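Chemist: starting from these lines, generate the structure:
(2 chains)
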Amino acid sequence: MPTILGASLLVFLILHLVPGDPATIIAGPTAPADVVENIRTQLGLDRPVLIQYGRYLAHALQGDLGRSLLTRRQVSDEVAGAFLNTFELVIAARVWSLLIGIPIGVVAAVKRRSLFDKLSMVTALLGLSLPIFWIGLMAIWLFAVQLGWFPISGRGGPLWSLAGLHHLVLPALTLGGVQVPALARLTRSSILEALGQDYVRTARAKGLAERLVIAKHALRNALLPVVTVIGLQFAGLLGGAVVTETIFSWPGLGRLAVTAILTRDFPVVQGTILVSAVTFVTINLLVDCLYAVLDPRIKYR
Amino acid sequence: MSSRTAWRTALTLAALLSLTGAPPAAQAQPNTLIIGQPTDADSVDPHKITAVIAVERLYNLYDTLVNLDFNMETITPGLAESWRVSPDGKTYTFVLKRGVKFHSGKPLTAQDVKYSLDRWRDPATASPTRNRVAEIEEVTAPDDQTVVIRVKDRSNYLLFNLTSGFASIVNPEAIKKHGANYGTLAVDGTGPFRFKEWVLRDRFVVERNPEYRWGPPMFKNRGPAKLERVVWRVIPEDATRLFELEQGGGINVSRWIAFSELPRLKKDPRLRVIDYKVGYIVYLGFNLNKEMVQDIRVRKALNHAIKKDDIVNEIFYGLGAPAQGPVSPIVAGAWKDVAKAAYEYNPAKARALLDEAGWKPGPDGIRVKDGKRLVLPIHAIAGYGYPDTLTLIQAQCREVGIDVEQVLLEEAAIWGRLAAGEHTIMAMGNPHSNPDEILMFYFHSKNRPTPNRFGFADPKVDALLEEGRTNPDKKRLLEIYAEVQKKVIESAVWVPLWHPGRAMIMSARVTDLRPHPIYDVGYHKLLDVSVAP
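Modeler: Residues are numbered from 1 along each chain as shown, chains lettered A, B, ... in the order given. I've put the predicted structure just below:
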């Protein structure tokens, strides 16, 4: 709760310190001063900043996030819709990047210095250095334009519809794709470290099959730093999906936030910060719980 | 599930998805026009918006009392089948068409028209375009079919302003019922298309209004529309938009394609490119309150130093024309002899003017006077081609010894800084359908500090502009506006840069889509348009 309140106040103050006025955006370039002033008054933008924030907070605590200054829509509706779109994209990207990234890292570590190891690590390095917009555009060109397997862009429909799912594939592939190299490299080094530990030697000395040694002893211990990074990346993805969202015309939270910041749409910016902060805190909590599952020595009191 | 079965399931799923080729929701439907644009509109409440991308939707959801023909001059009927102006020019009487109904089924009455215009004018509505009807004194509805508008003074532009999308007639019941949600979640107009669905920043869908029979005579088809539905799709990335248009069929028309692609697209048999002109001017404006540009010779020197052809050809791929004066030549009332007063590209003349003004070349080529370097900052929005334009101008001005500094700002920040008079020079552009719309806004002294951001004040110009609003004599009007344009050019308060052109790029299967230059919207009512399968 203090984290969320702090984030909200900080963002509010920063937005008001940066020059810019939503009333002038609404009014457009040719409006005379009195028209701009009238808009400002009608929207309550002429009141002192702290009073504006106080009013906002009072309403927000009662569950009313207000309305967008530009679209006049309920902020809760705008943010919820955008959040669900992004969440779905991030989950899909996360799942497939885990399914690919961790196994690659494990195999590369176990077959250290093999051709697979070298090849995958060079590819990973390449993947890490390629910008996401390039990967996205290439994915569109290859899978949508040349092969025609997937639509080029857009939301298509709701997630549960075939069209929605069909439209999800390419952006999720792109967003997840850029996560794979970091994950694979981290898993590899983490496993390598674990493989040098005493408990692995003990397990091997017990005569355990190598497969079990890797899966039960090395991997489980190696996953701790990986889980931390996954948690951090996840939060980053929520805001960092903006490039992917732009390329694939995905109506998500990142694009909503950028538009709102550019137009100084204060209530909407606050709304996006609020959900981002809540998600961040929740995911950190989940990661902490996961630690305890992975490593019984970690206990929370 | 073993890992092998998991893989198999995943692969099958992927294959299924790609084979069924589940089409995008909009694209599979027949006779659907899908328009691609980079951003979404905020609302389709006519009294809450100014954006071009919203106004093109307004024309299709609503009707206006009167319409502006494609020739940008003739006023044609709309919801009003006829109108009459009293001899003193202060009373307009409109007779409404019969049988017009809102999408909700409610018949249109004169009361609805009165409500719409009053709502537009009411300060409580906070309409950003309210000043367009500031001249209206009173709107009355003596009976269901008659609307009477009384204006404060004779007005040459009332009818023009009533053709704008902001003058759309709304259903008062819908506005009262939906309150703040009107314009985003609910819309009720009399237009050729009905509001269907709006997924913000993704798509805006309207469907044909089968009862529509009251289209304006400037269209071949008076209704109902030939199209089944129209979808406005938001595609922020240029490359993606181009892919969708060229390959995907995910959109079949766009006005927002990078100009650099046009030469190639014009050769593509699957596409049709329509170049067209709009009433628009991009200019540099001097802030006469700033000492550095108070000497007219400095302002004239800039006028001679800038090669406008290069801006048009090198940055905008030849789409558009260099500007000689402040008013677009396609607008009725543009000064025919503007070339006589215009400043030609002539760097030698620019140098001579600067020499004369006492600015002598310094050691690095930049001119100096009393120990001060000739550094001129130009404020502009960091987008819409301004950064490239300013870079070119910077290079051209350096040739004559002027150091141009770029001050690029985001849109939310720039208006406030200009209103505060921070700028020495500003680069800006504006659409206009008549000379008043540009000259009155920018050059009447009462409009300082905004939108007259130049500190320009000339009592003669003020008087002429006021006469231009009220004098009914067409011939005299041309003289008035010619005089104002001449004075503006002579005072060198602007460097008129160029009149941008536009291109509408569509699939060859789209027929009878004719761009309308009003307010730079491109799409007026899409009554004649059809899309072949």
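Chemist: up against chain A, what does the stretch 101-250 of chain B have?
Modeler: Contact residues (Cβ under 8 Å from any Cβ of the partner chain) of the stretch 101-250 of chain B with chain A: B:123-124, B:126, B:128-131, B:180-181, B:183-185, B:199-203, B:233-237, B:239-240, B:243-244, B:247-248, B:250. Every C-beta, even on glycine, is put in place using the N, C-alpha and C of the backbone.
Chemist: the longest strand along chain B near chain A anywhere?
Modeler: Criterion DSSP state E: the longest strand present in chain B is strand B:494-507. No - using Cβ under 8 Å from any Cβ, strand B:494-507 stays clear of chain A, coming no nearer than 14.6 Å.
Chemist: tell me the helices and strands packed up against that strand.
Modeler: strand B:253-254, helix B:262-266, strand B:271-277, strand B:280-286, helix B:296-305, strand B:320-322 (3 or more Cβ pairs under 8 Å, 6 or more residues apart in numbering or on different chains; DSSP states H and E).
Chemist: looking at the ones you listed, which is nearest to chain A?
Modeler: strand B:280-286 (11.8 Å; Cβ to the nearest Cβ).
Chemist: wait, isn't B:E207 in contact with B:E228?
Modeler: Yes - look at B:E207 against B:E228 with Cβ atoms under 8 Å: they come within range, at 7.2 Å.
Chemist: ok, the two, which is more surrounded?
Modeler: Neighbours were counted for B:E207 and for B:E228 using other Cβ atoms under 10 Å in any protein chain shown; B:E207 has more, 17 against 14.
Chemist: secondary structure class of that one, three-state.
Modeler: Secondary structure state of B:E207, per DSSP: H, G, I helix; E, B strand; the rest coil, is strand.
Chemist: confidence score at it?
Modeler: For B:E207, the pLDDT comes out at 98.
Chemist: how about it, what does it touch?
Modeler: Counting by Cβ atoms under 8 Å, 6 or more residues apart in numbering or on different chains, B:E207 makes contact with B:F193, B:R194, B:K196, B:E228, B:R229.
Chemist: repeat that for A:P181.
Modeler: Here A:P181 is in contact with A:G101, A:T123, A:A124, A:L125, A:L126, A:G127, A:L128 (criterion: Cβ under 8 Å, 6+ apart).
Chemist: secondary structure element holding it?
Modeler: Using DSSP states H and E, A:P181 maps to helix A:180-195.
Chemist: equivalent analysis for A:R255, please.
Modeler: Per DSSP H and E, A:R255 falls inside helix A:253-262.
Chemist: what does B:V148 give?
Modeler: Using DSSP H and E, B:V148 sits within strand B:146-151.
Chemist: for the record, mean pLDDT for that strand?
Modeler: Mean predicted lDDT for strand B:146-151 stands at 98.
Chemist: which helices and strands sit right next to the least confident helix or strand in chain A by mean pLDDT?
Modeler: Least confident element among the helices and strands of chain A, by mean pLDDT, DSSP states H and E: helix A:219-240 (a mean of 81). Judged by 3+ Cβ pairs under 8 Å, 6+ apart, the packing partners of helix A:219-240 are helix A:75-110, helix A:180-195, helix A:253-262, helix A:266-294.
Chemist: secondary structure class of the residue lying closest to A:F12 once chain neighbours are set aside, three-state.
Modeler: Using Cβ to Cβ, 6 or more residues apart in numbering or on different chains and skipping the chain neighbours, the partner closest in space to A:F12 is A:Y53 (5.2 Å). With three-state DSSP as the basis, the three-state label of A:Y53 is helix.
Chemist: count the neighbours of A:Y53 for me.
Modeler: Quick note: A:Y53 (other Cβ under 10 Å) scores 18 neighbours.
Chemist: so it makes contact with A:V11?
Modeler: No - A:Y53 lies out of contact with A:V11 (Cβ under 8 Å); the separation is 10.4 Å.
Chemist: please list the residues of the stretch 201-301 of chain A that sit near chain B.
Modeler: Counting by Cβ under 8 Å from any Cβ, the stretch 201-301 of chain A sits next to chain B at A:T246, A:I247, A:F248, A:S249, A:P251, A:R255, A:L256, A:T259, A:L262, A:T263, A:R264.
Chemist: change it to 7 Å
Modeler: A:T246, A:I247, A:S249, A:P251, A:R255, A:L262, A:T263, A:R264 (Cβ under 7 Å from any Cβ of the partner chain).
Chemist: now for these: which two are most distant?
Modeler: A:I247 and A:R264 (25.3 Å; Cβ to Cβ).
Chemist: the nearest residue to A:L9 once chain neighbours are set aside and chain B, how far apart?
Modeler: Nearest residue to A:L9 in three dimensions, chain neighbours excluded: A:Y53, at 7.3 Å (Cβ to Cβ, 6+ apart). Between A:Y53 and chain B the computed distance is 19 Å (Cβ to the nearest Cβ, to the nearest Å).
Chemist: below-threshold pLDDT in the stretch 151-300 of chain A: ranges please.
Modeler: A:239-240, A:299-300 (pLDDT under 70).
Chemist: closest one to A:W134 among the helices and strands packed on helix A:219-240?
Modeler: helix A:180-195 (14.3 Å).
Chemist: which positions within the closest one qualify as buried?
Modeler: Neighbour-count burial for helix A:180-195, counted by 16 or more other Cβ atoms under 10 Å in any protein chain shown, picks out A:180-188, A:190-192, A:194-195.
Chemist: near chain A, which residues of the stretch 401-533 of chain B?
Modeler: Close to chain A, as judged by Cβ under 7 Å from any Cβ, the stretch 401-533 of chain B has residues B:410-413, B:415-417, B:419, B:428, B:430, B:441, B:447, B:449-451.
Chemist: out of these, what pair is the most spread apart?
Modeler: Pairwise distances across these (Cβ to Cβ) peak at 24.4 Å, for the pair B:E410 and B:N447.
Chemist: among the two, which residue is more densely surrounded?
Modeler: Set B:E410 next to B:N447 and count neighbours by other Cβ under 10 Å: B:N447 wins out with 22 against 16.
Chemist: residues in contact with A:K111?
Modeler: A:D117 (Cβ atoms under 7 Å, 6 or more residues apart in numbering or on different chains).
Chemist: hmm, back to that, so what touches the helix holding A:R255?
Modeler: Contact with helix A:253-262 is made by A:78, A:82-83, A:86, A:238-239, A:241-242, A:245-246, A:268-269, A:272, B:201, B:410, B:412, as judged by Cβ under 7 Å, 6+ apart.
Chemist: what's the angle from that helix to helix A:75-110?
Modeler: 130 degrees (axes from the mean of the first three to the mean of the last three Cα atoms, to 10 degrees).
Chemist: in helix A:253-262, what's buried?
Modeler: Result for helix A:253-262 [16+ other Cβ under 10 Å]: buried residues A:L253, A:G254, A:R255, A:L256, A:A257, A:V258, A:T259, A:A260, A:I261.
Chemist: any idea how far the third one is from B:I414?
Modeler: So the one you mean is A:R255. Counting by Cβ to Cβ, to the nearest Å, the gap from A:R255 to B:I414 is 22 Å.
Chemist: one more: the last one?
Modeler: Taking Cβ to Cβ as the measure, A:I261 and B:I414 are separated by 15 Å.
Chemist: with B:L464 instead?
Modeler: In terms of Cβ to Cβ, B:L464 sits 30 Å off from B:I414.
Chemist: before we move on, what about A:D117?
Modeler: 54 Å.
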